[in-house]
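Visitor: only geometry, no sequence info:
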Ligand code: SAH
Ligand code: SF4
Ligand code: F3S
């Protein structure tokens, strides 16, 4: 009988990718993935520590597992990732039935640790991530030796994949745990990344999202020369079959012109930049140690829009950070009003033990004030999103069709008697080249293809469209295909030419 592994993932794209890698490695040891905890021989929790809420989610899952372990003492319970890295002792204290605690730098060891637990029934801890010069190589070694066999069933869709180009973070924003959970910033060698992208495209991937905590700080030092993000992207751009290249998340101070030129000029690069500002108040930014002022950010934003016409920009915000007065918050409100982000992710400040902010500044904004500020900021952002979405109405956009819309998914789950529209037409969804989510009706066989969609309607969260039917030739929906086969690939301008390794 095959052994079964169950995994629950919280946190950012890094964790989604880590889970994919861990499952890929376990499959090689004969494990199959199950989404039923009761069937599992191994239960894994890939965790996040960025806010307290994320940690509580894991602890409540672990609480449910306690009984399961009583019924089935053979089951192996593992806690992986950022919280494992940070709180190995605490996890064992709060959930002593956990068999292994594996940090972000040791995920490659999961299959071996599972076997060790089974053989010895002794708890296994693997969390070393010391910040010494020597350990940098250790981190890189553990990462590179990590089996690159990946598990396509764990991807967002079979034709979209994450590719890690950078590990860790060196920025040390005062509120943030990531530098201590992910270790020092390191860029992976371009040749490794290019090879991985080619493998993914061979497996049917059309879109890659390059991920790093501050992805635009990417720089690989070859000794005699350096490769920057713009060159890294150019070096993968012409891989045949690759249609889209995205990258997240950007650090405002590292938004260089060469990168913006690459975004503008390379046709496969998504015209979307996620560049979190966090706050519109200089004093707050200073306490956060973001290393820029609100004016600097706004200048950078104008530069992005000037260099990449039509680019969509989004941001993150933390409201209620230590010492944020009504006056400072008003500045953030004003920044959101004028910056007109496509969308924003807004978080209430959550004090993280061990960070500089927790040591130095009292968490002095009451919870109800944080809540109100969160709502107020969201209202302004929603107005901007609505206006941004309305501007799209009438445009024709290229959409990579990802699958049935959420409404469609829940309808098929819930309503057993529900009739499908005639001809297998469903409500589908996908992203445009500016990262807008579009919902439209179309046959299921469009999933995985890039189609042109006319935008017909908009809400603050979604835009709606119609797949372009070619009225001239009378091609109907069922025959919509993007381009005739053999269409040449979009070419990059010469100045971005780089040898493909
Ligand atoms: N590396 C990325 C993302 C870091 S975590 C970056 O620097 O942009 C994602 C977001 O979580 C951050 O942008 C920030 O807005 C939020 N965040 C981080 N630490 C937080 C904390 N202690 N409380 C609330 N939000 C936090
Ligand atoms: Fe955290 Fe700042 Fe690094 Fe982002 S840049 S991961 S917010 S320390
Ligand atoms: Fe969370 Fe770790 Fe990502 S703390 S946000 S899972 S890097």
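Guide: On my side now, so go ahead. The structure presented is a predicted model; accordingly, all values stated were derived computationally and were not measured. Ligands and ions are numbered 1, 2, ... in the order given.

Visitor: list the buried ones in the top helix by length along the chain?
Guide: The helix that spans the most residues within the chain, counting by DSSP state H, is helix 367-392. Buried residues in helix 367-392, counted by 16 or more other CB atoms under 10 Å: 369-370, 373-374, 376-378, 380-381, 384-385, 388-389, 392. No exception for glycine: its C-beta is placed from N, CA and C like everyone else's.

Visitor: of those, which is the nearest to residue 177?
Guide: Taking CB to CB as the measure, residue 177 lies nearest residue 370 of the buried residues of helix 367-392, at 18.5 Å.

Visitor: contacting residues for the residue lying closest to the closest one once chain neighbours are set aside?
Guide: Sequence neighbours aside, residue 320 is the residue nearest to residue 370 in space, at 3.3 Å (criterion: CB to CB, 6 or more residues apart in numbering). Residues near residue 320 by CB atoms under 8 Å, 6 or more residues apart in numbering: 348-349, 365, 369-370, 373-374.

Visitor: give me that answer again for 7 Å
Guide: When contacts are counted by CB atoms under 7 Å, 6 or more residues apart in numbering, residue 320 touches 348-349, 365, 369-370, 373.

Visitor: in the stretch 351-500 of the chain, what residue is nearest ligand 1?
Guide: As assessed by CB to the nearest ligand atom, ligand 1 sits closest to residue 352 within the stretch 351-500 of the chain, at 4.8 Å.

Visitor: and the longest helix of the chain, average pLDDT?
Guide: Helix 367-392 shows a mean pLDDT of 97.

Visitor: is ligand 1 contacted by it?
Guide: No: judged by CB under 6 Å from any ligand atom, helix 367-392 stays clear of ligand 1, getting no closer than 9.6 Å.

Visitor: right, and the helix or strand after that helix?
Guide: Where DSSP states H and E defines the elements, the next helix or strand beyond helix 367-392 is strand 396-404.

Visitor: would you mark the buried spots in stretch 36-45?
Guide: 40-45.

Visitor: from the residues you listed, which ones fall inside strands?
Guide: 42-45 (DSSP state E).

Visitor: and those, which is closest to ligand 2?
Guide: Closest approach between those and ligand 2, by CB to the nearest ligand atom: residue 45, at 21.4 Å.

Visitor: tell me what that closest one is bridged to.
Guide: residue 8, residue 79 (DSSP bridges).

Visitor: correct me if wrong: it contacts residue 58.
Guide: Yes: counting by CB atoms under 7 Å, residue 45 touches residue 58, with 5.5 Å between them.

Visitor: now the stretch 151-300 of the chain, which segments are flagged as low pLDDT?
Guide: Along the stretch 151-300 of the chain, no part satisfies pLDDT under 70.

Visitor: near ligand 1, which residues of it show up?
Guide: Proximity of the stretch 151-300 of the chain to ligand 1 (CB under 6 Å from any ligand atom) is limited to residues 175-176, 178, 213-214, 249, 276, 278.

Visitor: and the helices in the stretch 401-501 of the chain?
Guide: 406-414 (DSSP state H, counting those that start in this stretch).

Visitor: what sits closest to the closest residue to ligand 2 within it if chain neighbours are left out?
Guide: Distances between the stretch 401-501 of the chain and ligand 2 by CB to the nearest ligand atom are smallest at residue 435, namely 19.5 Å. Using CB to CB, 6+ apart and skipping residues adjacent in sequence, the residue nearest residue 435 is residue 272, 3.7 Å away.

Visitor: that neighbour: neighbour count?
Guide: 21 (other CB atoms under 10 Å).

Visitor: again, but for residue 315
Guide: For residue 315, the neighbour count with other CB under 10 Å is 23.

Visitor: the strand or helix carrying it: how far from the chain's middle?
Guide: Using DSSP H and E, residue 315 sits in strand 312-319. Mean-position distance between strand 312-319 and its chain equals 14 Å (CA atoms, centre = their mean, to the nearest Å).

Visitor: quick revisit: export the buried residues of helix 367-392 to CSV and tack on distance to residue 188?
Guide: Formatted as CSV, the buried residues of helix 367-392 follow (distance: CB to CB, whole Å):
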residue, distance to residue 188
369, 42
370, 37
373, 38
374, 36
376, 41
377, 35
378, 36
380, 38
381, 34
384, 36
385, 34
388, 34
389, 36
392, 35
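
Visitor: farthest pair in these?
Guide: Maximum pairwise distance in these, criterion CB to CB, is 35.0 Å, between 369 and 392.

Visitor: which residues touch the strand or helix carrying residue 295?
Guide: In this structure, residue 295 is located in helix 294-307 according to DSSP H and E. When contacts are defined by CB under 7 Å, 6+ apart, helix 294-307 is touched by residues 252, 255, 257, 260-261, 264, 273, 277, 280-282, 285, 311, 313, 331, 335, 339.

Visitor: can you select the buried ones among the residues you listed for me in ChimeraX?
Guide: Selecting only the buried entries of those in ChimeraX, with 16+ other CB under 10 Å as the criterion:
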select :252,255,260,261,264,273,277,280,281,282,285,311,313,331,335,339
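
Visitor: from the contacts of helix 294-307, which land in helices?
Guide: Checked against DSSP H, the contacts of helix 294-307 include these in helices: 257, 260-261, 264, 282, 285, 331, 335, 339.

Visitor: quick check: which ranges of the stretch 1-150 of the chain have low pLDDT?
Guide: For the stretch 1-150 of the chain, the stretches with pLDDT under 70 are 129-150.

Visitor: all strands for it, in order.
Guide: 3-9, 31-33, 42-47, 76-81, 100-102, 124-126 (DSSP state E, counting those that start in this stretch).

Visitor: a markdown table please, covering those and showing distance to residue 160.
Guide: Formatted as a markdown table, the strands of the stretch 1-150 of the chain follow (distance: least, CB to CB, whole Å):
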| stretch | distance to residue 160 |
| --- | --- |
| strand 3-9 | 16 |
| strand 31-33 | 18 |
| strand 42-47 | 19 |
| strand 76-81 | 22 |
| strand 100-102 | 26 |
| strand 124-126 | 30 |
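
Visitor: of these, which is nearest residue 405?
Guide: Nearest to residue 405 among the strands of the stretch 1-150 of the chain is strand 3-9; the distance by CB to CB comes to 22.5 Å.

Visitor: which positions in the stretch 1-150 of the chain make contact with ligand 3?
Guide: Residues of the stretch 1-150 of the chain found near ligand 3 (CB under 6 Å from any ligand atom) are 11-12, 14-15, 48-50, 82.

Visitor: can you say which of these are buried?
Guide: Of these, these count as buried by 16+ other CB under 10 Å: 11-12, 14-15, 48-50, 82.

Visitor: and whichever residue of the stretch 251-400 of the chain sits closest to ligand 2, what does it touch?
Guide: For the stretch 251-400 of the chain and ligand 2, the shortest gap (CB to the nearest ligand atom) falls at residue 251, measuring 5.7 Å. Applying CB under 7 Å, 6+ apart to residue 251 gives the contacts 171, 214, 216-217.

Visitor: got the residues you listed as CSV, with secondary structure and distance to residue 128 columns?
Guide: Below are those laid out as CSV (DSSP: H, G, I helix; E, B strand; the rest coil; distance: CB to CB, whole Å):
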residue, secondary structure, distance to residue 128
171, coil, 22
214, coil, 23
216, helix, 29
217, helix, 24
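
Visitor: name the nearest of the residues you listed relative to residue 118.
Guide: residue 214 (39.2 Å).

Visitor: count the neighbours of that closest one for me.
Guide: Residue 214 - counted by other CB under 10 Å - has 20 other residues nearby.

Visitor: now it: closest residue in space, sequence neighbours ignored.
Guide: Nearest residue to residue 214, sequence neighbours excluded (CB to CB, 6+ apart): residue 251, at 3.8 Å.

Visitor: sounds good, over and out.
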